[in-house]
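Asks: okay, here's the prediction I keep looking at, along with the sequence it came from:
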Number of protein chains: 4
Amino acid sequence: MRLATLTSGGDCPGLNAVIRGIVRTANTEYSSTVVGYLDGWVGLMEDRRVDLYDDAYIDSILLRGGTILGTGRLHPDKFKAGIDTIKANLDDAGIDALIAIGGEGTLKGAKWLSDNGIPVVGVPKTIDNDVAATDYTFGFDTAVSVATDAIDRLHTTAESHNRILIVEVMGRHVGWIALHAGMAGGAHYTVIPEEPFDIADICKAMERRFQMGEKYGIIVVAEGAIPKEGTMDAGLGEEDEFGHKTFTGMGQIIADEIKERLGYDVRTTVLGHIQRGGTPTAYDRVLATRYGVHAARAAHEGHFDTCVALHGEDIELVPLETAVAHLKQVPEGRYQTAKSMFG
Amino acid sequence: MRLATLTSGGDCPGLNAVIRGIVRTANTEYSSTVVGYLDGWVGLMEDRRVDLYDDAYIDSILLRGGTILGTGRLHPDKFKAGIDTIKANLDDAGIDALIAIGGEGTLKGAKWLSDNGIPVVGVPKTIDNDVAATDYTFGFDTAVSVATDAIDRLHTTAESHNRILIVEVMGRHVGWIALHAGMAGGAHYTVIPEEPFDIADICKAMERRFQMGEKYGIIVVAEGAIPKEGTMDAGLGEEDEFGHKTFTGMGQIIADEIKERLGYDVRTTVLGHIQRGGTPTAYDRVLATRYGVHAARAAHEGHFDTCVALHGEDIELVPLETAVAHLKQVPEGRYQTAKSMFG
Amino acid sequence: MRLATLTSGGDCPGLNAVIRGIVRTANTEYSSTVVGYLDGWVGLMEDRRVDLYDDAYIDSILLRGGTILGTGRLHPDKFKAGIDTIKANLDDAGIDALIAIGGEGTLKGAKWLSDNGIPVVGVPKTIDNDVAATDYTFGFDTAVSVATDAIDRLHTTAESHNRILIVEVMGRHVGWIALHAGMAGGAHYTVIPEEPFDIADICKAMERRFQMGEKYGIIVVAEGAIPKEGTMDAGLGEEDEFGHKTFTGMGQIIADEIKERLGYDVRTTVLGHIQRGGTPTAYDRVLATRYGVHAARAAHEGHFDTCVALHGEDIELVPLETAVAHLKQVPEGRYQTAKSMFG
Amino acid sequence: MRLATLTSGGDCPGLNAVIRGIVRTANTEYSSTVVGYLDGWVGLMEDRRVDLYDDAYIDSILLRGGTILGTGRLHPDKFKAGIDTIKANLDDAGIDALIAIGGEGTLKGAKWLSDNGIPVVGVPKTIDNDVAATDYTFGFDTAVSVATDAIDRLHTTAESHNRILIVEVMGRHVGWIALHAGMAGGAHYTVIPEEPFDIADICKAMERRFQMGEKYGIIVVAEGAIPKEGTMDAGLGEEDEFGHKTFTGMGQIIADEIKERLGYDVRTTVLGHIQRGGTPTAYDRVLATRYGVHAARAAHEGHFDTCVALHGEDIELVPLETAVAHLKQVPEGRYQTAKSMFG
């Protein structure tokens, strides 16, 4: 058998571990060969590819962030218009099955290819942990760990200066990174997109801390946080592709408002790209490797139109369709648990 | 309501996060008070305890390894003989419910107290991840991370010296730490207690590497690894409390045998206590905090004779009995997946 | 003897290690007592202080970032006007000598107290490593390590996305952090305040990389970087207290200009406060501890009007005056060595 | 010009950073080419070599532990007997100068080659920091950091179990790693080879801790520690090449003796190879890079029979002879400073 794989969308620690898992399993369990298309769907359209061998190089990528295949973005219309080229390219290269590693957009593309007769297996990838079909996605644990390390460092500097520190983390549509990093880092308040915040509540929480003799506060803010209607002026914002209002620099907006209302010294740190780069945690390496092994097995066993997913301790296959059905948001109960740790 | 809690058995990163979760939830959600018994069951017997307040000190223990309550071991017979003392102590202190945090032995003790009329909730604690009732236990991710960091470091030194390196990790009865650390660390062979090893297989794997031009090998060995009957002389070993044969220094025993058979330079590193100490990973802090919150809620809602457990993404309550029913071993399929990554 | 100590100015990993070093040495070597004034000079003026004992608490602060004494800022005029209050407070508390831990401003204050008859020993503290009298200052190694970790993570994400990434690090007047983090992180260009940059040179270096087949670039920018006169429009900037022009958000300014000139995707990460918070590196713990020991010895031996300093492997005493004589900038030769590693 | 380089002796984090520094400087500053001999002197004798280009591969090795050139050991007699082969090999390969990176033995070999007319520059490499001619050697900071991380983890586990923990670190002839890791890790006692220990002193220190209410102790032991004559029976030991007595497993020997004398629970952790493997710290990357740059410059400027060395903040050249003149031991004053932090 001859497999192809590609990585698409934003990069995420663990992508290389998936690729390694696929290549080794194809080689060890099935004596198959694997081809990697470069720069996501773009490389598939332009027939840019490399052969992937089970050698020392593939062995060494386990620890490496990013993706050795590169990634890219292609507009869905262009993608769909190129279906004949894609089929021809896969045919010419003698590909029997395609494993697509990517986020929501990529898996939708994979589903569309599958509907058009191409044998596809999907591997969900999102640093945001917002894929409903799986308990966790690789990259998420690394992002949470990096954010938590940063928060750990910020506690002492905030305390020494009697200061409120806002830490803006990733999460435009969901608050999973903020929720976990806030809980792991002992934040005194965490704001997530799922529950519009009332700035008065945040201020009240900070004031209570200072009244009880504490000298500082740490607030974790998901970049997609939005104020509750009518509670504060955060500018006009913009509408995103889901019709949600979004704001840029929400950490700083909140900082300015707290400073204005309470008069405290408030500073903002935007963690940015360091959350998605670098060596994956042990957790993510294991999860990504298992995804790769099971995706390769699914392809060899003919279980197409599926996506690998973590359920409890097991990797299972779910219909590709369900993997992209809806965004997995932080449920109210989980946020309630986090809230009990504030303050 | 007035809660009591204690930690018993070997220490484990995340114990303090559980305690913090209990204290804060009792305080925030129920306005209850919490008492901590010192040094496990011993302190309960001797009525040594401290009041735990939801203050800056409790807030600060989230990051701290070990347990602020101390831990200890008490022989089951002495424990059972002391039931009247225990009841009297709990009565005198006005305790309405007890949350016992510990491993298999501790949870068995908790079950026995529950059967004797004491309102008990259990929190499973084992660095080895061998509790069947829960997907994962806190401390395990930290142990795997520490072991993986060590293996990462050993790759380059082994490679520079054309050497085989054995890394002995924890796991006397189960191979979870070895399995995950071996997979995350890119080990070329991993030996677990669940599957007795044939030294000839290990040697063959190493020779194949060297024949393919590789210059080194990393082998992860769970401390409880045992040779397949009749394949090599590993000394007499001893019988443990489960009737299993165990050996001390299995890493070194394997190293000596490989050296003898293949003539390569083989060295052993025993990771030891660093696997169970220090700051918990973000993953373990979140899991432990959630355990604490849910255990406190269970106690307040009167759900006694239960144990908190992670199922998928949710913390649920299981009967205390099932938590100690049997040891969760590495299933054959999981080890098979690991094997596909060897080499 | 009765010592007093205080920490003043911005916080810095290692401050607590110095305090611990002072307290233990005073206790172990001289059986003296130590008092800590809170919030820097402010606490000295307001006579807010705590007794510091050589106990488990002091032992535990070695690893802790920030300063247990708090820090603060006091205008030099107010400080000088309060000299009688300061003298009275020290007298009333029975203080024989004061150890002032702080940066340039603090040491100038210490010198002025010394000139006014107060027995003072200084300990230099600056994350920026800009004190001329000492080879290195504690906190610097930690800041460089944090920045280097971040750069390590950014390499793979930049590479996966064919992107130029700007990393803005601390250093308003000197480029030591940028120089070391850039060299340790394998940056492809590093910009420091000491040498005004020509944006055309940076663009040329990036283009050369892309022409040679590289797909990304990492540029480290000290926050105090300034453009060479007439090479680009960076806005008006402001004049700082030394009469230097400074700009806010120089990383973003450079990013915009490169994007404009070359058309590449350029992103900026501002590391911010994480560089000065959290657990100090082993290097900084050793240096800070030794500073504390030697400062306590200097005070006991009557070597006042001095400052501890690292020269080669030794801690020596230098006149307090020389410690604040001038800013230690990155010499041209050092920057030349860094440049040979660009590209 | 055409340079050659090789790495010899035990591996050490930073070796690759030196190689990268040499190759880039040769290329950038002098447009020269560089050849790397494989496996140390052995490869030079057997004419096994590779061309080293200033490319993406060389750029990527900065972070990598070990040495891409491999290392090996060759008996001095064989080495000297091969002088004609060495000369012929260097001639045939058109080598103008050799940069030898290695420890005491390697530098002695380099000196001998230099005395025999080969243009040589040395780069000192020792994880033990025992080269007298330089303030610090690369690899040392990484080893100390790894050991300190381990000690940090051991504190909480020792404390939770009321236990004394012995941590055996590297250092057969000198105690630098033990001294620094013990000071950075807050050890309660540190034993170094330079000062034979009296077991009674160690026991006394531990008892004092327990009497003051502490519940645990951490003791750092350099592997080359030796008991003071007549104070305890540590077995016969062996004589090393310097005529010093050495013992294997000194950590365990001390643990057994303390247990015997005090009756406490005492455990031992031997850190082993993890101290010399893996990614170098930022400090070591900078030092190693600068060594590489300056060694390449020395070779091009004709400053042969020299060795690069760190003096204060500067890299300087010292006569190769002085680099191997004597072992740099921990001076009594430094150990005294460490002692003031015990307890």
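Replies: Nice, I can see it.

Asks: wait, a helix at A:G224?
Replies: No. According to DSSP: H, G, I helix; E, B strand; the rest coil, A:G224 belongs to no helix; its state is coil.

Asks: could you tell me how far the closest residue to chain D within chain A is located from chain B?
Replies: Across chain A, the shortest distance to chain D (CB to the nearest CB) belongs to A:T279, at 9.1 Å. The C-beta positions use only the backbone N, C-alpha and C, and glycine is treated the same way. Counting by CB to the nearest CB, to the nearest Å, the separation of A:T279 from chain B is 8 Å.

Asks: the longest helix in chain A is where?
Replies: The helix that spans the most residues within chain A, counting by DSSP state H, is helix A:140-160.

Asks: quickly list what the residue nearest to A:I118 when sequence neighbours are not counted is bridged to.
Replies: Excluding its sequence neighbours, the residue lying closest to A:I118 (CB to CB, 6 or more residues apart in numbering or on different chains) is A:L98, at 6.2 Å. When assigned by DSSP bridges, A:L98 has beta-bridge partners A:A4, A:V120.

Asks: OK, contacts around A:D152?
Replies: Listed by CB atoms under 8 Å, 6 or more residues apart in numbering or on different chains, the contact set of A:D152 reads A:185, B:63, C:278-279.

Asks: can I get the buried part of those residues as one ChimeraX selection?
Replies: A single ChimeraX command selects the buried members of the contacts of A:D152 (16 or more other CB atoms under 10 Å in any protein chain shown):
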select /A:185 /B:63 /C:278,279
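
Asks: which of the contacts of A:D152 sits closest to D:D59?
Replies: C:G278 (29.4 Å; CB to CB).

Asks: re earlier: pLDDT of the longest helix of chain A, averaged?
Replies: For helix A:140-160, mean pLDDT rounds to 95.

Asks: how distant is that helix from the center of its chain?
Replies: Distance of helix A:140-160 from its chain centroid, counting by CA atoms, centre = their mean, to the nearest Å, is 18 Å.

Asks: what of stretch A:15-31?
Replies: 22 Å.

Asks: pLDDT-wise, which helix or strand of chain A ranks last?
Replies: Least confident helix or strand of chain A, by mean pLDDT, DSSP states H and E, is strand A:245-246 with a mean of 74.

Asks: give me the sheet partners of it and which way each runs.
Replies: Assessed with DSSP bridges, strand A:245-246 is paired to strand A:238-239 (antiparallel).

Asks: would you map the helices across the stretch 151-300 of chain A?
Replies: A:176-184, A:199-211, A:250-262, A:282-300 (DSSP state H, counting those that start in this stretch).

Asks: any idea how far chain C is from the one residue sitting closest to the centre of chain A?
Replies: For chain A, the residue nearest the mean C-alpha position is A:I127 (1.5 Å; CA atoms, centre = their mean). Distance of A:I127 to chain C, given as CB to the nearest CB: 11 Å.

Asks: and A:V191, what does it touch?
Replies: A:175, A:178, A:197, A:202, A:219-222, A:225, A:254.

Asks: same thing with A:T28?
Replies: A:54, B:340, B:343.

Asks: mind checking the SS state of it?
Replies: Three-state assignment for A:T28 (three-state DSSP): helix.

Asks: torsion angles phi and psi at the nearest residue to A:F138 once chain neighbours are set aside?
Replies: What sits nearest to A:F138 in space, not counting adjacent residues and going by CB to CB, 6+ apart, is A:G14, at 3.4 Å. Here is the backbone geometry of A:G14 (degrees, to the nearest 10): phi 120, psi -20.

Asks: interface residues of the stretch 201-343 of chain A facing chain B?
Replies: Contact residues (CB under 8 Å from any CB of the partner chain) of the stretch 201-343 of chain A with chain B: A:213-214, A:281-283, A:285-286, A:289-290, A:293-294, A:311-313, A:337, A:340-341, A:343.

Asks: so where is the stretch 1-150 of chain A shaky, pLDDT-wise?
Replies: Within the stretch 1-150 of chain A, no stretch has pLDDT under 70.

Asks: what segments of it are strands?
Replies: Under the criterion DSSP state E, counting those that start in this stretch, the stretch 1-150 of chain A carries strands at the ranges A:2-7, A:33-37, A:49-52, A:97-102, A:120-124.

Asks: export those as a markdown table, with columns for mean neighbour count.
Replies: Shown next, in a markdown table, are these (neighbours: other CB atoms under 10 Å in any protein chain shown):
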| stretch | mean neighbour count |
| --- | --- |
| strand A:2-7 | 26 |
| strand A:33-37 | 23 |
| strand A:49-52 | 16 |
| strand A:97-102 | 27 |
| strand A:120-124 | 30 |
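
Asks: got a markdown table for those, with distance to C:T28 too?
Replies: Shown next, in a markdown table, are the strands of the stretch 1-150 of chain A (distance: least, CB to CB, whole Å):
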| stretch | distance to C:T28 |
| --- | --- |
| strand A:2-7 | 58 |
| strand A:33-37 | 62 |
| strand A:49-52 | 62 |
| strand A:97-102 | 59 |
| strand A:120-124 | 58 |
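
Asks: just to revisit the earlier point, tabulate the helices of the stretch 151-300 of chain A (JSON lines), appending distance to A:M170 and mean pLDDT.
Replies: Output for these, formatted as JSON lines (distance: least, CB to CB, whole Å; pLDDT from 0 to 100):
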{"stretch": "helix A:176-184", "distance to A:M170": "5", "mean pLDDT": "98"}
{"stretch": "helix A:199-211", "distance to A:M170": "20", "mean pLDDT": "95"}
{"stretch": "helix A:250-262", "distance to A:M170": "12", "mean pLDDT": "95"}
{"stretch": "helix A:282-300", "distance to A:M170": "15", "mean pLDDT": "98"}
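
Asks: tell me which of those sits most buried.
Replies: Burial of the helices of the stretch 151-300 of chain A is given as mean neighbour count (mean count of other CB atoms under 10 Å in any protein chain shown); helix A:176-184 ranks first at a mean of 29.

Asks: what about stretch A:92-109, distance to the chain center?
Replies: Distance, centroid of stretch A:92-109 to centroid of chain: 18 Å (CA atoms, centre = their mean).

Asks: what about that stretch, start to end distance?
Replies: 21 Å (CA to CA, to the nearest Å).

Asks: so A:V308 belongs to a strand, correct?
Replies: Yes. Secondary structure of A:V308 (three-state DSSP): part of a strand.

Asks: PyMOL command to pick out the buried ones of the contacts of A:V191?
Replies: Applying 16+ other CB under 10 Å to the contacts of A:V191, the buried members can be selected in PyMOL as follows:
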select buried, chain A and resi 175+178+197+202+219+220+221+222+225+254
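
Asks: quick one: contacts of the least confident helix or strand of chain A?
Replies: A:172, A:224, A:226, A:237-240.

Asks: dump the residues you listed to a markdown table, plus pLDDT.
Replies: A markdown table is the format used below for the contacts of strand A:245-246 (pLDDT from 0 to 100):
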| residue | pLDDT |
| --- | --- |
| A:R172 | 92 |
| A:G224 | 95 |
| A:I226 | 94 |
| A:G237 | 77 |
| A:E238 | 78 |
| A:E239 | 76 |
| A:D240 | 72 |
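
Asks: may I see the ChimeraX selection of the buried members of those?
Replies: Entered in ChimeraX, the line below selects the buried ones among the contacts of strand A:245-246, by 16+ other CB under 10 Å:
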select /A:224,226
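
Asks: which one of the contacts of strand A:245-246 sits closest to D:T33?
Replies: A:R172 (50.0 Å).

Asks: for the closest residue in space to that closest one that isn't next to it in sequence, what are its contacts?
Replies: Of all residues not flanking A:R172 in the chain, A:G224 sits nearest, at 4.1 Å (CB to CB, 6+ apart). Going by CB under 8 Å, 6+ apart, A:G224 touches A:171-175, A:193, A:244, A:246, A:250.

Asks: now do the contacts for the nearest residue to the residue of chain A closest to chain D once chain neighbours are set aside.
Replies: Excluding the flanking residues, the one nearest A:T279 by CB to CB, 6+ apart is A:L63, at 5.2 Å. A:L63 makes contacts with A:279-280, A:285, B:152, B:186, as judged by CB under 8 Å, 6+ apart.
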